[in-house]
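> Predicted model, plus sequence, below.
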Amino acid sequence: MNNGLVKLRIVHDVYFSRKRCTLDCACYQHMQTSCQKERVMLNLEFLRQHPDVISESLMRRGVTVPLAEIITFAEQRRGLITRCEALRVTARRYEEARRALSPEASEEAKEELAEPHQAVQREIKELEIEIAQVESTLHSQMMQVPNVLHGSVPLGKDDQTNVEVRRWGQPATMTATPVPHWELGARLKIIDFERGAKLAGSRFVVMRGLGARLERALINWMLDIHISKHGYVEVAPPLLVKRLAMVGTGQLPKFEADAYLCEEDDLFLNPTAEVPLVNLHRDEILEPGTLPLRYTACTASFRREAGSARRETRGLTRVHQFYKVELVQFVAPEHSYVALEQMLREAEVVLQRLELPYRVVLLCAGEVGFSAAKTYDLEVWMPGQQRFVEVASISNCEAFQARRANIKYRPAPGAHADFVHTLNASGLAVGRTLAAVLENYQQPDGSITVPHVLQSALGVSRIAPG
């Protein structure tokens, strides 16, 4: 363990000695704050007192944030609040002194108390304006700070330094050169890229015939697994969400350029069902016995992919609209890393039952998403492309989203409420899974063998040209 993480353990031992569990993660801040306006990912007091911990995580991520400036504003805010509170005490004393005057007191005596009282009140109002300005700037800056990485996240700046954890399955031996799914879909007339572009522009597709039915069968089958086998509650959320919901999960303000905004209503098309599922409990305190909460949903997801102009744009890998089965859990902090491994296994079950070869990858520091402390990816083998392609991400966001969305839990009746930990997983991305089915189950004659688990739902065992 490096010196920064050792220091973090010591700091946490001091600050969280009253916690029921042993600290095992590098973002376990639950110190209380006096300002409920601090809907930011980190505890401001923790950041102010231990900037080295945050700085180390930012360095590992390769992210630059004006940390010194944030701390300066935090100290300034703290000093202003202290002065304002002292003035309020003084104002109350003047008020009490005025009330204590006898009815026969002279106007001069009353004026002697009124003038300094009014002066203090004016100073309080000026300070309140200054505090509001500082808090606005501080809040804006804090919203740009990503989650603190878990200590087990490996160093690295891109996908070349992700760590392969394990593999499952062997790629099928093919007698003919495998074809990528976009060619297979066009030949079988089940994916229409040209008409998708005609209707909505590039990176939109039309699924038709057995392609549309295969997509629907995958969705229903995945949901049924997670509901009946893994104990999730299905939710059918709106496809539009408020700005506050996007802020709560960390999509805003950082990734607004990738989101589709309905400007007149200030509503966003869901980039992922994670957003509405996490925000189901925004501004709530979950009572004892409630946790864990496990939700699943399949929605259309919409992403502009504004920063991906040079990335793979063919086929179903990177489109602007796609379906994804999402899993979200709310758990007590001491259980979140057990839940992370559990959700990873639940996503793996889907690929195993489809008999698709895949690998589990632990993302390096530079690849972990803004809201996550630790993330695994599931990458399925695509023989037509001779590469692994991500079909699921499984992340522990610890208290990051809960702090932004103000989601707390009460561990026992009458106990102090604290922030929950939230986790999310793809269970799986439907379009990419469909693409993997086409590429892995292709036959020399150009047909596709339907995976056994989908044959009854689809009503056929083979998708053939014609």
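Sure thing, it's come through. Please read these numbers as outputs of a predicted model, since none were measured by experiment.

> Pass me the low-pLDDT residue ranges in the stretch 101-250 of the chain, would you?
Along the stretch 101-250 of the chain, no part satisfies pLDDT under 70.

> Show the residue spans covered by the helices in the stretch 101-250 of the chain.
Using DSSP state H, counting those that start in this stretch, the helices found in the stretch 101-250 of the chain span residues 107-142, 181-187, 193-200, 210-224, 243-249.

> Need the ones you listed in CSV (columns: mean neighbour count and distance to residue 396).
C-beta coordinates here come from the backbone N, C-alpha and C atoms, glycine included. Shown next, in CSV, are the helices of the stretch 101-250 of the chain (neighbours: other Cβ atoms under 10 Å; distance: least, Cβ to Cβ, whole Å):
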stretch, mean neighbour count, distance to residue 396
helix 107-142, 14, 21
helix 181-187, 20, 31
helix 193-200, 14, 35
helix 210-224, 19, 21
helix 243-249, 22, 14
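
> Quick one: these as a markdown table, columns for distance to residue 435 too.
As requested, those are exported to a markdown table (distance: least, Cβ to Cβ, whole Å):
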| stretch | distance to residue 435 |
| --- | --- |
| helix 107-142 | 39 |
| helix 181-187 | 4 |
| helix 193-200 | 12 |
| helix 210-224 | 11 |
| helix 243-249 | 27 |
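
> among these, which is nearest residue 97?
Between residue 97 and the helices of the stretch 101-250 of the chain, the shortest gap by Cβ to Cβ is with helix 107-142, which sits at 5.4 Å.

> which helices and strands sit right next to that closest one?
With contacts defined as 3 or more Cβ pairs under 8 Å, 6 or more residues apart in numbering; DSSP states H and E, helix 107-142 has these neighbours: helix 44-49, helix 67-100.

> Tell me the buried residues in the longest one?
Read that as helix 67-100. 67, 70-71, 73-74, 77-78, 80-81, 84, 87, 90-91, 94 (16 or more other Cβ atoms under 10 Å).

> By pLDDT, rank the residues you listed and give me the bottom one.
Scanning those for pLDDT, the low point is residue 94. It has 85.

> my guess is that residue meets residue 116, correct?
Yes: contact criterion Cβ atoms under 8 Å: residue 94 and residue 116 qualify, at 6.3 Å.

> Could you look up the SS state of residue 428?
Three-state assignment for residue 428 (DSSP: H, G, I helix; E, B strand; the rest coil): strand.

> what's the burial count for the spatially closest residue to residue 271 that is not a sequence neighbour?
Excluding the flanking residues, the one nearest residue 271 by Cβ to Cβ, 6 or more residues apart in numbering is residue 303, at 5.2 Å. Here the number of neighbours of residue 303 (other Cβ atoms under 10 Å) works out to 21.

> what about residue 303, distance to residue 393?
Residue 303 sits 13 Å away from residue 393, taking Cβ to Cβ, to the nearest Å as the criterion.

> got it, and residue 100?
Distance from residue 100 to residue 393, by Cβ to Cβ: 66 Å.

> how near is the residue of the chain positioned farthest from its centre to residue 153?
No residue in the chain has its C-alpha farther from the mean C-alpha position than residue 104, which lies at 66.2 Å (Cα atoms, centre = their mean). Separation of residue 104 from residue 153 (Cβ to Cβ) stands at 75 Å.

> what number of residues lie near residue 324?
By other Cβ under 10 Å, the residues close to residue 324 number 26.

> Ramachandran coordinates for it?
phi -150, psi 130 (degrees, to the nearest 10).

> again with residue 410
The phi/psi pair for residue 410 (degrees, to the nearest 10) reads phi -110, psi 110.

> So it versus residue 226, what's the distance?
27 Å.

> now do residue 265
To residue 226, residue 265 is 31 Å away according to Cβ to Cβ.

> what does residue 345 give?
12 Å.

> just residue 433 next, same as before
14 Å.

> Same question for residue 414.
35 Å.

> Those two - which one has more neighbours?
Ranked by neighbour count (other Cβ under 10 Å), residue 414 and residue 226 place residue 226 first, with 27 against 6.

> residue contacts, the more buried one?
232, 296, 325, 327, 346, 427 (Cβ atoms under 8 Å, 6 or more residues apart in numbering).

> And the pLDDT at residue 319?
95.

> meant to ask about residue 452, not that
Predicted confidence (pLDDT) for residue 452: 97.

> repeat for the one 10 residues further on
Reading off the per-residue confidence, residue 462 sits at a pLDDT of 96.

> So what's the residue count around the closest residue to residue 201 other than its chain neighbours?
Spatial nearest neighbour of residue 201, excluding adjacent residues (Cβ to Cβ, 6+ apart): residue 320 at 7.9 Å. Neighbour count of residue 320, defined by other Cβ under 10 Å: 19.

> For residue 388, which non-adjacent residue is closest in space?
Nearest non-adjacent residue to residue 388 (Cβ to Cβ, 6+ apart): residue 379, at 3.7 Å.
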